[in-house]
Each structure stands twice: as structure tokens, then as C-alpha cells.
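Student: Sharing a model that was predicted from the sequence below.
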Amino acid sequence: MNFLKAMGAGALMLSVSSAALAEVESSDPIKLTLHDWTGQLLTTTIMGKVLEEAGYNVEYVQADYIAQFAGLKTGDLHVAMEIWETTGREAMDEAIGTGNVVNLGPTGMNAIEEWWYPAYMKDVCPGLPDWQALNDCAQEFATAETAPFGRYLGGPVTWGGFDEERVESLGLDFEVVHAGTDAALFAELESAYQRQAPIVLWLYSPHWAPEKYEGEYVAFPPYEAACYDDPSWGVNPDMAYDCGKPTGNIWKVAYKGVPEKWPGAAKAIEAFTIDNAAMGDMVGQVDLEGKELDAVAQAWLDANKDVWSGWIGQ
Amino acid sequence: MMQADTDPQALKQTGPRRSVGDLLRSGWVFWGGLFVVTWALSTYAFDIYKLLDARWIVRFPAAWQPDFEGAISGFMDWLLEDASLFGIQFREMTRAVAAMIEAPYDVVIGVLVEGLVIGQGRDAVQLLPPLSWVAVVVSVVALGHYTKSWALATLTGACFIYLAIFGQWESAMVTLSSVLIAVPLAAGGGLLLGIGAYRVRWIDLAMRPILDLMQTVPVFAYLVPILFMFGFGPVSALVATVIYAMPPMIRVTIVALRGVPEELAELGRMVGCTPRQQMWKVLVPSAKPTIMVGVNQVIMLSLNMVIIASMIGAGGLGYDVLTALRRLDIGGGIEAGIAIVVLAIALDRLSQEYATRTVTRIAAQSQGGFLRRHRWSLSILAVIALTYLGGIIWPWIQSYPASAEISTSAFWTRAMEYINVTYFDTLDAIKTVILQWFMLPVRKFFTGIPWAWGLIAVTLIGLRVGGWRLGLLVFCLAGLIILAGLWTPAMMTVYLCGVSVAIASTIGIPLGIFAAGNPTSNRVVGAFIDTLQTLPSFVYLIPVVMLFRVGDFSAMIAIVAYALAPAVRYAAHGIRNIDPQIVEAGIVSGCTQGQLMRRIKLPMIVPELLLGLNQTIMLALSMLVITALVGTRDLGQDVYIALTKADTGQGIVVGLAVAFIAIIADRILAASAHRMRRRLGMEQ
């Protein structure tokens, strides 16, 4: 706890009793985690502002996406607003399995992760977005290091995604190169887009990149659970992963003590929903138009008072 | 007595008769033979494995690997969840330490960033604003003048004004706050540990390997346990910074205390000092100039940690660099990165000048009445009070107006786009040539070496350059890497570092020789490499990726840029320290400039170059984890993966493997430099 704030809080107790503080179960700050992508910062800031409107105190803590579960399990951290089905499922299941972390439901946003190409590639490779066209134009995507194979720029190894397996089972003439961070991923996209050079890479929404650059996701055979589990499913009878990536919910999770200590806040967090379009728009305002993140979040609050006042039961 | 120590081999080689044994010991046969055998095995190991159907030749069998990672993870779990001392849980103890660090940090943050705030959330009332930017700038100007001169005052003032004009003020103050907490902790702790090692022999012996590990294990490797122990937030970042920045302080303290002239120590004993007085009134004050060099190192290393610290919640400039680059705002990244450099320059100059203040200046400052002695402190207090009052009426005094901030962001983005569109193909062609004719063959060579022969080869090298002790050490360390199942990524690491170090030396040594030529070139080159070292590598990593794509080549460029400095410095230092008489002798015997360089200067600075090479390797290894961010496939990537998965065991095991490579390289090079010095007669 902040030393000065603590002293201040003590002084406050002695003098005045605020009306707002009396309403909520506890005035201890609820710690929300911040990660490193704008969408998550927006979701968290909006949630934080709504909780503050309800009279709760909020503290934002910078924490790594996966490493934060250690803090959520012990109660060092309280709420994580975006756990993506596609990348965070294992860590989330493990944490919930310990009984110390609870799932507060979906955010209403739908996570899409897939191979993506800029629109100008359609001139070179007219068969796109169908995945079978990728092999016809593998040469176009090749670089000196990967030739004769095409070069597919995958996400960081830790994102998983089974791209090596997908290339193998769908018989794609591509080599998977992993970027170490999403910053490197988008640096390459920006560079290629400026030169109108061939590129196919891992993108995800909601994110500013699909807003900024014109392009499409590759259409793989749609994902089904059987595709990943059952080798006989799909075009390749002997191997699994012969389909696209799953899309999925983005979940909110919290330390188990949150619903016990701040039941009202837990309800508000559970009620929080927003859709891809609204989020994509806000992400674009921050990352492309350079607006202040806090101002964009506040603008959403001002425009949607009836929505969020329902969450906090006012 | 001294003569007996000279290299017996050097004597033998000068003798008339040469036996087969001597031939084997001769350098060419040993190194040539080692290379040929290694090359042959590296090339044909795969065929041998197919021929004999013995897969263990190329892959260390998983069944032989002890579960180091599981054991360490298990131990950490036990430590954090069950361990207790006198009924107090271990975690409660670390949390108490965290609270002790957090309290002063909050005070500094309150003074510089948040002000005195009462209440929480929307009930918060700001009683006092933080120090205004005017007050802070005046304070550092005053500090600059107090320490040295108006010139220094202008420099530090200009540095801080940069922070205000480019809109970095608040972040810079957050970073400054963490530096203000981390530096005293690291410097004070380092001083105490150094004194302990100086006075007690077993502390010294126990500390040496720990210091080696602290300096070589990548920070990412121990971030996860630190997060568990100290919680999420700035405190963990501070602890990591202290661990990272402390080792040079300890080393410098030990060297400084040992360097105090015996006469002074004797004097202390004669006037009847107690051991405590002897230490604090005699030894430490006389060693102070050297000790301050250590403090300077601590400041630099703390600022080096800014980016990594921001990944675990330190905020500040490091966070700005990261977020700017994540949205490809290269200009924003550069501005925040330069703000770190600028902060480093101001703090570095201040601390260095403070360390070298002359006695007359100190004496002059302690003369006169109260007002005269404290004129600076008093005027700072006056400015703080005035700006506080003024800030109420004119807000621009309190915080620098956003409308007057400058941003070069758009310029950088356009410049980058121009370079990208215009020169990409040329750069790509150069890259392809270097990759195909240099990097890829080297990679094939190193990654092809079968583990068993690799172990034999490094042991032989150890035996040859440093005797059986070094041989044994190298054998054990390399053996542990193999046992942990990390041979292949370790070889990828050796390849990437080796290639980068070779290129850094090729660029750095001529640059160093050039810098040693005259004072102007020295200043220019010095400023250039200092900037390269303090500018967070992430700032140039993203533009590099835009031009060279994700892969080893981008990683290599980042490593070279960072590891260039020691190659330059040691080369320059070596040239400057050559005995002028030897050069004179060369000129007298009619050497041309070229001959002078090739025949006299270069051979004389070889030991110096080896030390530089050693430092270059250390820096290259410490960059590995950063280059993992652009997608390498070596130990650095494994450490990074361990961090993002919060896997304590894996992080520590892989981190130790990196440290072992560093220690092997360090010991072998130090032993070679030592041998060579003796041969040149520079050292007995």
C-alpha cells in the first residue's frame, strides 16, 4: 500500500466519513492488472473507472500476462480483465484448478487469431483467402533464408498455436519463423506494407493492426475440437491440426477473495461486456490517432452511462 | 625466485632441440589439430550416427538427464509455501523486506511525482503538489555548480530541460525515483559486502563464485522467483535492479581497500584506531575516489535495467519505450530512449565529478558563515517555496505545459519509411551475403559438434591454457550444461555470440586504435559508444527488424551495437599504455608507420585486446535475452520462455547454463592473457 496514501487514509478516518466510502464493502484498493497491449489497457481502465464510480478504490499493477497468475493465486493481484481463450486457457485452467482463482465470465469480445495477409497480396495470389492458394504462391512468400519454401511469420513461441503442425498436416510449402514479441511481428508487417512486399503472418483481433492495414485472414478449414484431438478428422487423415485456429472468448478472472471482500465489485466485473467493434474502434483511436488512452476510456464512459450504471446497479 | 615462474614452454622453444612432445605442445599443431578434428566431427557426426545407429552421438539421451528443473521448482515451491524460521514464514519475511523498500520509495515518488495525497480513489485530496519542474531543474543546476562548475551546472540543467520539453517529465521522475532508491541500496550493500570480503577471508572466497553468477545469469532468469517473493510492482523491479547493479560495487570496493597504501594503514594503527575507526576513518576515506567509480557503475547499470524493470511493473521511461514501440511509434521510442541516455549523462557526470572533487574545493566550500556555506541549499528551498506559491497562480510553473512540448515522432516515422522503401533491397542483399557466407556456415559448424567431443575439446583447451585446475573447472561446467540437456541451444548461443563478437572486434579494435590517435577522435568515439551502451537496445531493435526481418541477423546487429564498447575501450587503452620507449626504439630502427603498427603496437596490445574480448563476450551474452525478443533460438529464448511461463526451475537452469558459458569463456581468456603477458615480459 502506498505509504503516503495510507497516512492520508488514516487521517481521513479521524476527520470525515465520506458518503461514497460508506456504500462499498471495503475501501481497500482492488488491484487490476495491466498488460502490454492497448485493448487490455482499455478494458482494464474502463472497468477501473466504473468501479471508481461505484465508490471502490482501484489500483493498477503492471504484470506479465502469464506470470500474473502467480499473483492472482496468492491475492497479491485481484482482477485480470483479459485472458484469451486462444493463448491463456492452460494457465487459466491450472489457476482455477487450485481453487484460488475464479472465472468471472466472458468479456463479450471474440478473440480471432489466424494467418493474415495484406490486401495487395491478392493481386499476386488471386486464389486467396482460400488456404490452398497459399501453396500455389509459396514462391512469392519465399525469402533467401527460407527458399524454396514460403516464409510465414508466427507469433512468439509462447503463444503456441500449433503452426508447425498445421504446416505439416496441411502440406503447406512454408517455413514457420517465430517473432520474439508482438512488437517485432508488427515491425515486419509495417515494413512490408510500406514496400507492398509479400508477407503472411500471425495477426489477431481485437487489435489496431487489422484496423490500420487492409487485408484478410486466410480461410483454413474451420476449427473443431476434433481437428486438434483426432488425427483422422479433416483433409489429412493421419495428422491432427489440419484446420484453422480456434476463436474464442476473452475471459475475466479474479482472485477468489474478490467476491468475498467486494461482492458488489465482483458483480460489476461479471456484468462487464463490450463487443469487438467498439473495442477495435477505441484501440484505433489510441494507437493510430494518438489519443490519450485515459481520455478514450472516459469518452466511452460518458457515452455509455446507461450501460455501465446497470453493471453497478445504479 | 621470479625467474622460476617464467613460462617453461617459452624457454624450451628457444632451446635448440625439439622433441615430438614439444611439437605436440606447439601452438599450431594443437589448435590446428583441434580445429580439424572438430570440423570433421561436426560435419560427419550425423552420418556416423546413421551408420552406427547410435542416436546418443548427436542428442544427449533424455534418460540420462537429471530433473534439475523439477528439483529447483520444487525447492522454490517449498521455500515460498512451507519454509519458515522461528515460526515466521519465509514469504512473510520477504514481504517485510519488500515493505521496508517500498516505504522510502513511496516517499520519493510522493515528492517527485504524486505529491502529498490524502484519501484514496476519487476521495483523494492533494494536499501538496509534487516538486515542480522548475524547482527540480534549479536543484540539479545548483547541484552541478556545487559539485564542480557552471559548465557542469549547464549540462545537468540542459539534460533535465530536455526531459520537460520532450514531454518525458513524469516518466523520467518515476525512473529517477527508482534510481534514487536502487543506487543507495546497491552501493551501500556493495560497500558493506566489499568491506566484509576485505576483512574476512571466507566471505571473500564464498563471494567470488556468487559475484560471477550475479553478473552472468540473465536477469530474466531470476525475475520469476523475485516476483513470487516480493510481490508484483515496483519493489520487485527494484530488487532485481539491486542484484544486477551490485556486483561491480563489491569488486571495486575490495580492489579499492586493497589499494590503500600500507603507510596509511600503518599510521592508523599507530595512532591507536579501533578496527571500526581504522575502517571508516582511515581506509574507506582514502579509498573513496576508487569506490566512487563503483558508485558510477551502479548508476549506469541501474539505468540499463530500466526496460526490463518496466516489464515487471516499474513504470517510467522504460515503460514508455516499450509501449511506444509496441504501437510502432519509433519516434516516441527514440525520444523516451534518449531521455534515459540524458538522465544517465546527468547522473554520471554529477557522480564522477563529485568523486574527483579537489581538496581545495571541498575546503573552500566549508568556509564562511552559515548563510555562505549553505547558500545553495537555502536558495533551493526558496525556489521550492516560490514555485509552490507561483504554481497555484500560474500552472505552467508547477508542471511543464503540454502545449509547449515538442515531438519528433512524425519525423522519425517518415525517415524510417523512406529508408525502408529506398534501401531495403540493398540492405537485404548485404544481409544475404553475410548470412550465407559467414553466419550460416559458422552456425552449421557449432551446432553440428557432437556433445561428447565438445566436452573433450573445451576440456583440452582448458588444460592447455590454464593447467589441470582450469581443465577440471571447464569440464565440470560444460558437463553440467550437457546433463541439463541444453547442449544444442548452448551451441546456438556460442554461435550467435561468437559471430557477433567477431564482428564487434573487427569494427571495435580499429575504432579503438583510431580513438587513441588524438583527443578529438577519442571524444567523438567515446560519446558514440557511451550512447550505444545506455540507449536501451529495444529502441534500435525494432527499426532493425523492419530493415532486416526477424532472425539471427537482426539479433546479431543488436548484440554488436551493445558489445562494441569494450572492444573499442580496451584497444584504445592498450595503445595509450604502450611504453613510449619501445615505440621510439621502433622509429629509431627505421620502421614505417605500418610496420610500427603491425610489428610493435599490435603485438604489444594483444593481452589488452584479450581482456577487451572477454568483456565483449560478457556483454554479448547479457544481450541474448533481449535478442530473444526478436526471435532467436538459443538459451536466451529459453530463458525468455521460462519467464513468460513463470517457470522458476527452467529459468534458473537455463540462466545458469548461460552463466557457465560466460565463466568458461572468461577463465580461458583470462588464462591466455596471463600467459601472453608473461611471454611479452609485461608481467612476471
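Tutor: Sure, I can see it.
Student: what number of residues lie near the residue of the stretch 451-600 of chain B found nearest chain A?
Tutor: Minimum separation of the stretch 451-600 of chain B from chain A (CB to the nearest CB) falls at residue B:546, amounting to 3.8 Å. Quick note: C-beta positions are derived from backbone N, CA and C, even for glycine. Residues near residue B:546, counting by other CB atoms under 10 Å in any protein chain shown, number 26.
Student: if I read this right, it contacts residue A:188, doesn't it?
Tutor: Yes: with contacts counted by CB atoms under 8 Å, residue B:546 reaches residue A:188, the gap being 7.0 Å.
Student: any idea of the mean pLDDT for the helix or strand containing residue B:188?
Tutor: Element membership for residue B:188, per DSSP states H and E: helix B:169-199. Per-residue pLDDT over helix B:169-199 has a mean of 91.
Student: ok, that helix near chain A or not?
Tutor: No: applying CB under 8 Å from any CB of the partner chain, one finds helix B:169-199 separated from chain A by no less than 11.6 Å.
Student: Let me know the next secondary structure element after that helix.
Tutor: helix B:201-216.
Student: contacts for the helix or strand just after that following helix?
Tutor: Later in the chain than helix B:201-216, the nearest helix or strand by DSSP H and E is helix B:219-230. If you take CB atoms under 8 Å, 6 or more residues apart in numbering or on different chains as the criterion, helix B:219-230 is touched by A:67, A:70-71, B:76, B:80, B:91, B:94-95, B:97-98, B:236, B:239-240, B:243-244, B:305, B:308, B:311-312, B:625, B:639-640, B:642-643, B:646-648, B:651-652, B:654-656, B:658.
Student: at 6 Å what do you get?
Tutor: Residues outside helix B:219-230 that contact it (CB atoms under 6 Å, 6 or more residues apart in numbering or on different chains): A:70, B:76, B:80, B:94, B:98, B:236, B:239-240, B:244, B:308, B:312, B:625, B:639-640, B:643, B:646, B:648, B:651-652, B:655.
Student: now swap in stretch B:205-213 and tell me
Tutor: Outside stretch B:205-213, the residues touching it (CB under 6 Å, 6+ apart) are B:197, B:247, B:659, B:663.
Student: Kindly report the same for stretch B:347-354.
Tutor: B:147-148, B:152, B:295-296, B:299.
Student: returning to that earlier point: now name the helix or strand holding the residue of the stretch 451-600 of chain B closest to chain A.
Tutor: Using DSSP H and E, residue B:546 maps to helix B:537-548.
Student: and that helix, what's its mean pLDDT?
Tutor: For helix B:537-548, the mean per-residue pLDDT is 86.
Student: just the contacts of stretch B:347-354 now: which is nearest chain A?
Tutor: Using CB to the nearest CB, the contacts of stretch B:347-354 come closest to chain A at residue B:299, 23.6 Å.
Student: so residue B:634 touches residue B:492, yeah?
Tutor: Yes: using CB atoms under 6 Å, residue B:634 makes contact with residue B:492 at a distance of 4.0 Å.
Student: More neighbours: these two, which one.
Tutor: When neighbours are counted by other CB under 10 Å, residue B:634 comes out ahead of the other of residue B:634 and residue B:492, with 26 against 23.
Student: now residue B:668: how far from chain A?
Tutor: According to CB to the nearest CB, to the nearest Å, residue B:668 and chain A sit 30 Å apart.
Student: Can you classify that residue as helix, strand or coil?
Tutor: helix (DSSP: H, G, I helix; E, B strand; the rest coil).
Student: same deal with residue A:33?
Tutor: Assignment for residue A:33 (three-state DSSP): strand.
Student: Near chain B, which residues of the stretch 201-314 of chain A? Just list them.
Tutor: By the rule CB under 6 Å from any CB of the partner chain, the part of the stretch 201-314 of chain A lying against chain B is residue A:287.
Student: Point me to the residue of the stretch 201-314 of chain A nearest chain B.
Tutor: Nearest residue of the stretch 201-314 of chain A to chain B, counting by CB to the nearest CB: residue A:287, 4.4 Å away.
Student: So what's the residue count around the residue of the stretch 251-400 of chain B found nearest chain A?
Tutor: In the stretch 251-400 of chain B, the residue that lies nearest chain A is residue B:313 (3.8 Å; CB to the nearest CB). If you count neighbours by other CB under 10 Å, residue B:313 ends up with 22.
Student: One more: residue A:226?
Tutor: Around residue A:226 there are 13 other residues, counting by other CB under 10 Å.
Student: Now residue A:107: closest residue in space that isn't a chain neighbour?
Tutor: residue A:250 (4.6 Å; CB to CB, 6 or more residues apart in numbering or on different chains).
Student: oh sorry, the question was meant for residue A:73
Tutor: Nearest residue to residue A:73, sequence neighbours excluded (CB to CB, 6+ apart): residue A:100, at 4.4 Å.
Student: Distance check, the one you found against residue A:268.
Tutor: As for residue A:100, its distance to residue A:268 is 21 Å (criterion: CB to CB, to the nearest Å).
Student: Compare these two (neighbour count), which wins?
Tutor: More crowded of residue A:100 and residue A:268, by other CB under 10 Å: residue A:268, with 22 against 15.
Student: Give me the nearest residue to residue B:343, chain neighbours excluded.
Tutor: Nearest to residue B:343 is residue B:172, by CB to CB, 6+ apart, at 6.1 Å.
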